[in-house]
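Colleague: need a structure here:
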Amino acid sequence: MRLGIKTCTLDMSFEDMLKFCVDNKIGAVEIGTGNWSGAPHIDLDKVVSSDTARNEWYGKIKDAGLELCALNCSGNPLAYEEDWDVTMKTFELAGKLGVKTIVMMSGLPTGCPGDKTPVWVTGSWPPEILDTLKYQWEDVAIPRWKEIVKIARDCGIEKLALENHAWQLVYNPETCLRLRDAVGDSIIGMNLDPSHLFWMGGDPIEAARVLGDADALYYVHGKDSRIERRKIGPNGIFDTRTIEEYAGRAWNYVAVGCGHDVMWWKEFVSVLRMSGYDDVISLEMEDMTMSMLDGHLTSIRTLKEAMNLQ
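Modeller: All right, here's what the predicted structure looks like:
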């Protein structure tokens, strides 16, 4: 098992990011290519279209002794054409570089034909909401994902690791396996991100077991979150405040170890191994309560101890 990092949250230049990884003994990088990532460490259009630019960019990663373990194009290709465009360019780049794993999200369709706003359905009442859910799955997601899978296969991609993020059609193991079965292709699996399951009331360790049994545990994010005592009690877990408004939120993304201690992370790593996962744990850091650098270093220390790395 190897420690990696989703580099988007490292607020530094491409060259400084590579040096940071080397200095902190992080062996793999996951590069965000656009959509919901600002893509600070790649010019996607440039490296896709120019052999010279692509070779120079990729050469710097290799010269640093780092592995490009995944490209991340998380966005909503089921609702927005611009997100579809970035997704297709990311697949094309993966094919040119021989990258086999794409981390992304499932996307979320609109609620009905002609609508412009994606709708996340989280219940079964009032009854008409089930018509929305049926439309999203049967009319939009399954046909579009069959197309996505075919294009990914043509680019030599072997794993589409869908992150279990809220406000997506796929947000937990059950919905991931539903999409996989409906599309009929094992290229679809999950990027298991514990932080999202924590606040949704799930158990990432149990999720790892379920995904392992289904041979669908394709990638793992090292990311933590915390339920905020005295905030959740009166109003429950759903919260529309932005992550920058952390002081008033019912839950927050936090540095690894600041929501769940190292003993939890040790058990998580152990169960990942038991479930057949022996690949990258990729740090993602979105703790607004500390500096960018401190948040990453805190998370790295916790993950290294949990993974028994020096």
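Colleague: Give me the distance from the host helix or strand of residue 197 to the chain's centre.
Modeller: Here residue 197 is covered by helix 194-200, with elements defined by DSSP states H and E. The chain centroid and the centroid of helix 194-200 are separated by 12 Å under C-alpha atoms, centre = their mean, to the nearest Å.
Colleague: Which secondary structure elements does the helix or strand that that helix is followed by sit against?
Modeller: Under the assignment DSSP H and E, the closest C-terminal helix or strand after helix 194-200 is helix 204-213. Where contact means 3 or more C-beta pairs under 8 Å, 6 or more residues apart in numbering; DSSP states H and E, helix 204-213 is packed against helix 173-183, strand 188-192, helix 194-200, helix 262-274. (C-beta placed from N, C-alpha, C; glycine too.)
Colleague: Apply 10 Å and report the result again.
Modeller: Judged by 3 or more C-beta pairs under 10 Å, 6 or more residues apart in numbering; DSSP states H and E, the packing partners of helix 204-213 are helix 173-183, strand 188-192, helix 194-200, strand 217-222, helix 262-274.
Colleague: I'd like the average pLDDT over the longest one.
Modeller: What it means is helix 262-274. The pLDDT scores in helix 262-274 average 98.
Colleague: what's the offset of that helix from the middle of its chain?
Modeller: Relative to its chain's centre, helix 262-274 lies at 19 Å (C-alpha atoms, centre = their mean).
Colleague: Now do it against strand 188-192, angle only.
Modeller: Per axes from the mean of the first three to the mean of the last three C-alpha atoms, to 10 degrees, the angle that helix 262-274 makes with strand 188-192 is 160 degrees.
Colleague: tell me which residues in helix 262-274 are buried?
Modeller: Of the residues in helix 262-274, 264-265, 268-269, 271-272 count as buried by neighbour count, 16 or more other C-beta atoms under 10 Å.
Colleague: Scan the helices and strands of the chain for the one with the lowest mean pLDDT.
Modeller: helix 232-235 (a mean of 94; mean pLDDT, DSSP states H and E).
Colleague: who's in contact with that helix?
Modeller: The contact list for helix 232-235, computed with C-beta atoms under 10 Å, 6 or more residues apart in numbering, reads 199, 238-239, 249-251.
Colleague: The residue sitting furthest away from the middle of the chain and residue 133: what is the separation?
Modeller: Here the chain reaches farthest from its C-alpha mean at residue 127, the gap being 31.8 Å by C-alpha atoms, centre = their mean. Separation of residue 127 from residue 133 (C-beta to C-beta, to the nearest Å) stands at 11 Å.
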